[in-house]
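Participant: Sequence first, predicted model second:
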Amino acid sequence: MTISKSGFVLLCLFALLACGGNTAEKTEPAETETVEKDVIRNIDVQEASTLLERNRNILLIDVRTPEEYNGPLGHIEGARLMPIQQFKYWGAELDAEKNQPIMLVCRSGGRSGRTAVMLKDLGYTNLMNVTDGMSAWNKAGLPIAVPE
């Protein structure tokens, strides 16, 4: 018995479907990743600066230590200092702002990225992480506030 090429293709397709080869299941993790990306946006310093200029409703949180916030890299004007080390105490202060856009910054983007994930896990829905943080902000020559 010989099978034509088209018959062979149909036979393979039938075998794949019979064995549970559902390709829709394989795309599910990608959809989950997209949802998370929608909750946490990684933005560069230029985009962060533009967004802060255009939208005064963004809550800007600097998660560094007070020494870093007031140190040589300075901080972004209007940033609220909320060190990541005190995260467990943030609840009452941020509960009312769960759906407000929140931008997080640190020295290099690592701590602010971790903080964004922790806030997402608590139900916050509009989070931005400034990638490369205050180091990149300074390199770009963007304005900083420093203590007097």
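Facilitator: On my side now, so go ahead.
Participant: drop to CA atoms for contacts and neighbour counts, all remaining ones
Facilitator: Noted.
Participant: Contact partners for Leu59?
Facilitator: Ala79, Arg80, Gln100, Pro101, Ile102, Met103 (Cα atoms under 8 Å, 6 or more residues apart in numbering).
Participant: Quick check on those: which are buried?
Facilitator: Burial by neighbour count, judged by 16 or more other Cα atoms under 10 Å, picks out Ala79, Pro101, Ile102, Met103 from the contacts of Leu59.
Participant: Which members of those are the farthest-apart pair?
Facilitator: Within those, Ala79 and Pro101 form the most distant pair, 13.5 Å apart (Cα to Cα).
Participant: Am I right that Glu77 falls within a helix?
Facilitator: No: the secondary structure assignment for Glu77 gives coil rather than a helix, going by DSSP: H, G, I helix; E, B strand; the rest coil.
Participant: Which of the buried ones among the contacts of Leu59 sits closest to Ala92?
Facilitator: Nearest to Ala92, judged by Cα to Cα, of the buried ones among the contacts of Leu59 is Ile102 at 15.6 Å.
Participant: Next, the closest one: phi, psi?
Facilitator: Recorded main-chain torsions at Ile102 are phi -120, psi 130, according to degrees, to the nearest 10.
Participant: mind checking how far it is from Glu93?
Facilitator: Using Cα to Cα, to the nearest Å, one obtains 13 Å as the distance from Ile102 to Glu93.
Participant: Then Pro83?
Facilitator: Where Glu93 is concerned, Pro83 sits at a distance of 13 Å (Cα to Cα).
Participant: Between these two, tell me which one has more neighbours.
Facilitator: The neighbour count for Pro83 versus Glu93, taken as other Cα atoms under 10 Å, is higher for Pro83 (20 against 8).
Participant: Isn't that one up against Tyr69?
Facilitator: No: checked against Cα atoms under 8 Å, the pair Pro83 and Tyr69 is beyond contact range at 9.3 Å.
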